[in-house]
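In: Next comes the sequence, and after it the predicted model I'd like to discuss.
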Amino acid sequence: MIMTKNLPILKFAAMAAMTACLVACGGSDGTDSADTGETTTAQSTAGAAQEQTTQASTQAGQRLFLQCRSCHKVKAEEGHNVGPNLAGVVGRQIASAEGYPYSEAFMEQDYVWDAERLDAFLENPRTYIPRNKMAFAGVRKPEDRAALIAYLAEQTAP
Ligand code: HEC
């Protein structure tokens, strides 16, 4: 078979590449410190890029939140609406907004809303917590849910 025949050659090629790297990639102390400098620059660039990404998704989240706004407020002082106030909801115990009459289905749950749970809930509220009273079909796109959660985390941070 062709595969078996070629295998030793591939092995040899891999070994040759490794040897070449051992020679070329090994650096003196001098090169090492130069490397560290480059890594730091690369990291701060990555940090800035991530900040931009967070900002972008927060803006997208704000737009996406328009579909939630008829039922939810995000500022604590604005109180409840059809749905509970969502201030601080990321990291908040489920069904714990004071003075809001949650459904029995919600009261039976016992966990803290983290990004993962919010993602699953927002994808399909009715299957994630059957018989709950949030009349909302769900957010289909994963990137939209991520943007919404980023927005909620930023807007509702205590
Ligand atoms: C038609 C009104 C309505 C819309 C639209 C709606 N919600 Fe809700 N939401 C509710 C209600 C009502 C509850 C409480 C459910 C219960 O008690 O069964 C709830 C509960 C929640 C909870 C749980 C809060 C807690 O204190 O545990 C989160 C998080 C949430 N909604 C997020 C959203 C987001 C994000 C959107 C938009 C993508 C949205 N909701 C759209 C009515 C709505």
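Out: That came in fine, so what should we check first?
In: Next, the buried residues of stretch 68-79.
Out: 68, 72-74 (16 or more other C-beta atoms under 10 Å). All C-beta atoms are positioned from the backbone trio N, CA, C, and that covers glycine.
In: Give me every residue in the chain lying close to the ligand.
Out: 67-68, 70-72, 82-84, 86, 89, 94-95, 97, 102-103, 105-106, 113, 118, 122, 132-136, 139, 148 (C-beta under 6 Å from any ligand atom).
In: From the residues you listed, list the buried ones, please.
Out: Using 16+ other C-beta under 10 Å, the buried ones in the residues of the chain next to the ligand are 68, 72, 83-84, 86, 89, 94-95, 97, 102, 106, 113, 118, 122, 132, 134, 136, 139, 148.
In: And the lowest mean pLDDT element among the helices and strands of the protein?
Out: Least confident helix or strand of the chain, by mean pLDDT, DSSP states H and E, is helix 2-25 with a mean of 46.
In: related to what we said a few turns ago, where helices are concerned, which of the buried ones among the residues of the chain next to the ligand count?
Out: 106, 118, 122, 148 (DSSP state H).
In: Show me which of those is closest to the ligand.
Out: Phe106 (3.8 Å; C-beta to the nearest ligand atom).
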